[in-house]
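**Student:** Sequence first, then the predicted structure, then my questions.
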Number of protein chains: 2
Amino acid sequence: METSGLTAHISRRFNKDLEDLRNKVLAMGGLVEAQLSLAIKAIVTGDSELGLQVAIDDYKVNNLEVNIDEECGRILATRAPAAGDLRLIVAIIKTITDLERIGDEAEKIGFLASKLAAMDRPADSYRELKTLGGHVAHMLRDAMNAFARLDVDDAWEVVREDEQVDEEYEAIQRQCITFMMEDPRSIKRVMNVTWCARSLERIGDHAKNICEYVIYMVQGRDVRHTVVPETTDS
Amino acid sequence: METSGLTAHISRRFNKDLEDLRNKVLAMGGLVEAQLSLAIKAIVTGDSELGLQVAIDDYKVNNLEVNIDEECGRILATRAPAAGDLRLIVAIIKTITDLERIGDEAEKIGFLASKLAAMDRPADSYRELKTLGGHVAHMLRDAMNAFARLDVDDAWEVVREDEQVDEEYEAIQRQCITFMMEDPRSIKRVMNVTWCARSLERIGDHAKNICEYVIYMVQGRDVRHTVVPETTDS
């Protein structure tokens, strides 16, 4: 099976540089996951300071991206990797771009959380954003696990999950429009909710992108813009 | 000067593969520019069919991305390029990701245009979207020109222009909120305007990203997340 072949190859022959690089990407993923989790917490608990802190801390994500990018360039230039090693580097260059953009969305959510904290709070403490945020955080964690284990089946699972996230997102947008029509005084507040939902939905897209790179990395096959298989047995 | 050195290098020594690759990226940029221009036209003229056609045609952008991506992988694997050539390939891998995302935003604008065409039309035919769209289309054209000519000064100009686009975008969002509060019956329609404005603003971000890759390509310096110089003489 291709997956185990590549895994064996990694464990046997990938040199320390490549292992370090993979670990850095996983660390960057961990940081981005933490940023997302704190941003959602700031929304749900109405914690303005926490929201702003998430926004301030985005520079850490950016620094990691630049650092990993330079490392990829160095390895490409000095080692001229081939086949699976080359696909790993290309996939990492793309993955960190998506992780950085997830960081940007978490930053936006942090700012929005601080705005929302200063406004009237609904009785349900933004339960719909908590649910969508939890779902998207789960997708991101699964995406990074699929990256860590080079697991194509798990990667496809995340790609499929994105459709559910899109449906949840559409439902929130419809709900927001209903709220605003029923109570036009809520418009300013509810617009911030729609922006939060939009950022969360975008994070789902980025997690999906990362999984498509994992599939490319393992199978050497570009599955973007193709039909998603119902199961991965095919 | 570094620019002319790299340009001379390209004209003298870059082989046909690399020239073809650059030309493909420029063709992809041209297609994406056309998609954006048609999407804006569909909004302004209330042409539902045109909007849907833009959305349908997005597959052409996707196909070009996959094709160029494969070509980059092939060149990296078979030629192991170094220095400026390597930076060109890495910059292209990133550039086409942003061009593809611009295509996605044009697709969204196309769908929104077809929705808006079926709703009441304001007397000014969405002049604010036309203005923002024109500004963003200009940024995209300048970004592709900077890419074509490896012109760092022009690239910085686009990066700076993004701040103006962001301001225009914020103004439209404030205007939309005012409209909705004054006439809650307009909420559904105006929400589509806010999504259009958001997509246009995102396209500005992507054009800016492309220019940052141009600067990296020419100078070998990663300028993302750094302070934008007021002039490029520094």
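**Tutor:** Cool, the structure landed. Numbers count the residues shown, from 1 in each chain, chains lettered A, B, ... in the order given.

**Student:** Run a quick neighbour tally on the nearest residue to residue A:58 once chain neighbours are set aside.
**Tutor:** Leaving out its chain neighbours, the residue that sits closest to residue A:58 by C-beta to C-beta, 6 or more residues apart in numbering or on different chains is residue A:107, at 4.1 Å. All C-beta atoms are positioned from the backbone trio N, CA, C, and that covers glycine. Per other C-beta atoms under 10 Å in any protein chain shown, the neighbour tally for residue A:107 reads 22.

**Student:** now do residue A:45
**Tutor:** So residue A:45, with other C-beta under 10 Å, has 15 neighbours.

**Student:** One more: residue A:22?
**Tutor:** 17.

**Student:** Figure out the helix or strand that it lives in.
**Tutor:** helix A:16-45 (DSSP states H and E).

**Student:** Buried residues of that helix, list them for me.
**Tutor:** A:18, A:21-22, A:24-25, A:28-29, A:31-33, A:35-44 (16 or more other C-beta atoms under 10 Å in any protein chain shown).

**Student:** follow-up on the earlier one: I'd assumed residue A:53 was in contact with the residue nearest to residue A:58.
**Tutor:** No - look at residue A:107 against residue A:53 with C-beta atoms under 8 Å: they stay out of range, at 10.7 Å.

**Student:** coming back round to it: which elements pack onto the helix or strand containing the residue nearest to residue A:58?
**Tutor:** Secondary structure assigned from DSSP H and E places residue A:107 in helix A:83-117. Helices and strands touching helix A:83-117, as assessed by 3 or more C-beta pairs under 8 Å, 6 or more residues apart in numbering or on different chains; DSSP states H and E, comprise helix A:2-13, helix A:16-45, helix A:48-79, helix A:187-219, helix B:58-79, helix B:83-117.

**Student:** Following element in sequence after it, please.
**Tutor:** Immediately after helix A:83-117, counting by DSSP H and E, sits helix A:127-149.

**Student:** Around chain B, which positions in chain A sit nearby?
**Tutor:** Residues of chain A that fall close to chain B, judged by C-beta under 8 Å from any C-beta of the partner chain: A:59, A:62-63, A:65-66, A:69-70, A:72-73, A:76-77, A:80, A:82-83, A:86-87, A:90, A:93-94, A:97, A:173, A:177, A:180-181, A:184-185, A:187-188, A:191, A:194, A:198, A:222, A:224-225.

**Student:** Could you rerun that using 7 Å?
**Tutor:** Proximity of chain A to chain B, by C-beta under 7 Å from any C-beta of the partner chain, involves residues A:62, A:66, A:69, A:73, A:76-77, A:80, A:82, A:86, A:90, A:93-94, A:97, A:177, A:180-181, A:184, A:187-188, A:191, A:222, A:224-225.

**Student:** PyMOL command to pick out the buried ones of the residues you listed?
**Tutor:** The buried subset of the residues of chain A next to chain B, as determined by 16+ other C-beta under 10 Å, is captured in PyMOL by this line:
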select buried, chain A and resi 62+66+69+73+76+77+80+86+90+93+94+97+177+180+181+184+187+191+222+224
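
**Student:** hmm, back to that, can you state the direction angle for the helix holding residue A:22 and helix A:127-149?
**Tutor:** Here the directions of helix A:16-45 and helix A:127-149 differ by 170 degrees (axes from the mean of the first three to the mean of the last three C-alpha atoms, to 10 degrees).

**Student:** Against which helices or strands is helix A:16-45 packed?
**Tutor:** helix A:48-79, helix A:83-117, helix A:127-149 (3 or more C-beta pairs under 7 Å, 6 or more residues apart in numbering or on different chains; DSSP states H and E).

**Student:** Residue A:26 and chain B, how far apart?
**Tutor:** To chain B, residue A:26 is 21 Å away according to C-beta to the nearest C-beta, to the nearest Å.

**Student:** How confident is the prediction for the closest residue to that residue other than its chain neighbours, by pLDDT?
**Tutor:** Spatial nearest neighbour of residue A:26, excluding adjacent residues (C-beta to C-beta, 6+ apart): residue A:148 at 5.7 Å. As predicted, residue A:148 sits at a pLDDT of 95.

**Student:** Could you do residue A:227 as well?
**Tutor:** Looking at residue A:227, its pLDDT stands at 75.

**Student:** Give me the neighbour count for it.
**Tutor:** 6.

**Student:** Kindly reformat the helices and strands packed on helix A:83-117 as TSV and extend each row with distance to residue A:134 and mean pLDDT.
**Tutor:** Below are the helices and strands packed on helix A:83-117 laid out as TSV (distance: least, C-beta to C-beta, whole Å; pLDDT from 0 to 100):
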stretch	distance to residue A:134	mean pLDDT
helix A:2-13	29	54
helix A:16-45	7	96
helix A:48-79	17	94
helix A:187-219	10	96
helix B:58-79	31	92
helix B:83-117	26	95
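
**Student:** so which of the ones you listed gets nearest residue A:122?
**Tutor:** With C-beta to C-beta as the criterion, residue A:122 lies closest to helix A:187-219 of the helices and strands packed on helix A:83-117, at 8.7 Å.

**Student:** can you give me the angle the closest one makes with helix A:127-149?
**Tutor:** Going by the same axes, to 10 degrees, helix A:187-219 makes 20 degrees with helix A:127-149.

**Student:** Packing partners of helix A:187-219?
**Tutor:** Going by 3+ C-beta pairs under 7 Å, 6+ apart, helix A:187-219 lies up against helix A:2-13, helix A:83-117, helix A:127-149, helix A:152-182, helix B:152-182.

**Student:** out of the ones you listed, deepest packed?
**Tutor:** helix A:83-117 (a mean of 23; mean count of other C-beta atoms under 10 Å in any protein chain shown).

**Student:** Could you tell me how far it lies from the centre of the chain?
**Tutor:** Here helix A:83-117 is found 6 Å from its chain centre; the criterion is C-alpha atoms, centre = their mean, to the nearest Å.

**Student:** What does the residue of chain A found nearest chain B show for phi and psi?
**Tutor:** Relative to chain B, the nearest point of chain A is residue A:80 (3.6 Å; C-beta to the nearest C-beta). When read as degrees, to the nearest 10, the backbone of residue A:80 gives phi 40, psi 60.

**Student:** List the contacts of it.
**Tutor:** With contacts defined as C-beta atoms under 7 Å, 6 or more residues apart in numbering or on different chains, the neighbours of residue A:80 are residue B:80.

**Student:** got the contact list for residue A:72?
**Tutor:** Residue A:72 neighbours (C-beta under 7 Å, 6+ apart): A:89, A:92, A:93.

**Student:** The second one reaches residue A:25, doesn't it?
**Tutor:** Yes - judged on C-beta atoms under 7 Å, residue A:92 makes contact with residue A:25 at a distance of 5.6 Å.
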